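Trainee: pasting the structure only:
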């Protein structure tokens, strides 16, 4: 339906995964009362690398990437400008926190970075809710982005977390994956009973094999987690692939009002 | 009193779908193949269920509150005092956000320049007291420029069927609906 914007798929998923990893790392560090310094720092460095990869990918959707800095100038009205500002601030604070972690874990700095990450995610959701896309011109991009962050963040603990954390994280990952699947089935179902453009969006999502493959990949870890409560690296790979495919559907399958001019709305 | 706001008046009763307006726009600005600043949309049979066809000739609506102007991250769009929304290609970085955001599909992506572009209502011609190319080219006078601050036509529609309704943007365009054809029946 629309062009596959691979650079935006990569940017949004990797940046949101980075936020998810940092929030999960902070929550495990605070709530579970664990988190030795080296593994937490490794986790944050990995989140920083993901964010950097996402930001690099984002440059490829701009016709003139060397002018990208100008996108910081119109924050008064443009959600895209606000997104760029928020993500850059989040990246800078992440880098600063990683440096500060060389001596000890700065809890308040980690909290501030995690909060800024969530703020950047909400701002990003608003940037992808334009009036031309009635199905997304609401809070659904924010909800989808939060779920992406949570699922990637929790699944990433299979690489980093102390094994003691596995049961705690696995429970939350099961909950987030079920919630993700439910939201991603409910949204197109609601759209399918909406106006003409929303209906086309719902039908396009449900008709897409990529959409169903992403649902299958999201569901894949659930039976294993229910059985053993042990996190495995393949689960992270499955969740990341699912989120990338889901985001592809988000960009390709969402119908725009201008595609329906001359027809009933 | 409302400030000056130039707008297109689309008379679908007169429009014969000849595409002269779209061709004139192409001839004037030579956009890349596939890039259309003005498009002629046939109305579906759900809206106009007759053998004859009816059309809306549409370009940028130079909205009162343009999405393109609000969402552009580099401030490449400005609104003139006469309401025309102008895109400055020198500022554009080709992010495509305006192309994705406009519900009327007005900004188009130029794959050669890697920048957005759209109908300027031929503001250079307007400043020279000339009609835009599309208006001048229409052989049946189905397109004209009106000033909404002075326009008073009770029959003109703002949101006819088949045209997306976005009151928050307030698109500067008015329509006259196509006339339903006379049906002549033989008795007996």
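Mentor: Okay, I see it. No experiment lies behind these values; they were computed from the predicted model shown. Numbering: from 1, shown residues only, chains lettered A, B, ... in the order given.

Trainee: Contacts only, for residue 57.
Mentor: With no chain named, the answer covers chain A. Applying Cβ atoms under 8 Å, 6 or more residues apart in numbering or on different chains to residue A:57 gives the contacts A:6-7, A:10-11, A:14. Quick note: C-beta positions are derived from backbone N, CA and C, even for glycine.

Trainee: was after chain B, sorry
Mentor: Counting by Cβ under 8 Å, 6+ apart, residue B:57 has contacts B:10, B:15, B:21-22, B:38-41, B:134, B:138, B:142-143.

Trainee: The same query, at a cut-off of 10 Å, please.
Mentor: B:8, B:10-12, B:15, B:17-22, B:25, B:38-41, B:134, B:138, B:142-143 (Cβ atoms under 10 Å, 6 or more residues apart in numbering or on different chains).

Trainee: do you know how far residue A:5 is from chain B?
Mentor: 8 Å (Cβ to the nearest Cβ, to the nearest Å).

Trainee: correction: residue A:209
Mentor: Residue A:209 is 24 Å from chain B, where distance means Cβ to the nearest Cβ.

Trainee: thinking again about what came up before, ok, which of the contacts of residue B:57 also contact chain A?
Mentor: Applying Cβ under 10 Å from any Cβ of the partner chain, the subset of these adjacent to chain A comprises B:39-41.

Trainee: can you tell me which of those residues lies nearest to chain A?
Mentor: Using Cβ to the nearest Cβ, residue B:41 comes nearest to chain A of those, at 3.8 Å.

Trainee: quick one: least confident helix or strand in chain A?
Mentor: Least confident element among the helices and strands of chain A, by mean pLDDT, DSSP states H and E: helix A:157-160 (a mean of 85).

Trainee: and of the ones next to chain A among the contacts of residue B:57, the nearest to residue B:76?
Mentor: Checking those against residue B:76 by Cβ to Cβ gives residue B:39 as the nearest, at 22.1 Å.

Trainee: count of residues packed around the closest one?
Mentor: 21 (other Cβ atoms under 10 Å in any protein chain shown).

Trainee: Where do the helices of chain B begin and end?
Mentor: Along chain B, the stretches classed as helices by DSSP state H are B:20-29, B:67-71, B:97-101, B:123-127, B:133-137.

Trainee: Make CSV out of the ones you listed and add mean pLDDT.
Mentor: Shown next, in CSV, are the helices of chain B (pLDDT from 0 to 100):
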stretch, mean pLDDT
helix B:20-29, 97
helix B:67-71, 97
helix B:97-101, 97
helix B:123-127, 97
helix B:133-137, 98
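
Trainee: Buried deepest among these, which one?
Mentor: By mean neighbour count, with neighbours taken as mean count of other Cβ atoms under 10 Å in any protein chain shown, helix B:97-101 ranks first of those at a mean of 26.

Trainee: That one near chain A at all?
Mentor: Yes: Helix B:97-101 lies within reach of chain A by Cβ under 10 Å from any Cβ, at B:97-101.

Trainee: Count the residues that sit near whatever residue of chain B ends up closest to chain A.
Mentor: Proximity of chain B to chain A (Cβ to the nearest Cβ) peaks at residue B:94, 2.1 Å away. Residues lying near residue B:94 (other Cβ under 10 Å) number 22.

Trainee: Now it: closest residue in space that isn't a chain neighbour?
Mentor: residue A:63 (2.1 Å; Cβ to Cβ, 6 or more residues apart in numbering or on different chains).

Trainee: Quickly find the element holding that neighbour.
Mentor: Using DSSP states H and E, residue A:63 sits in no helix or strand.
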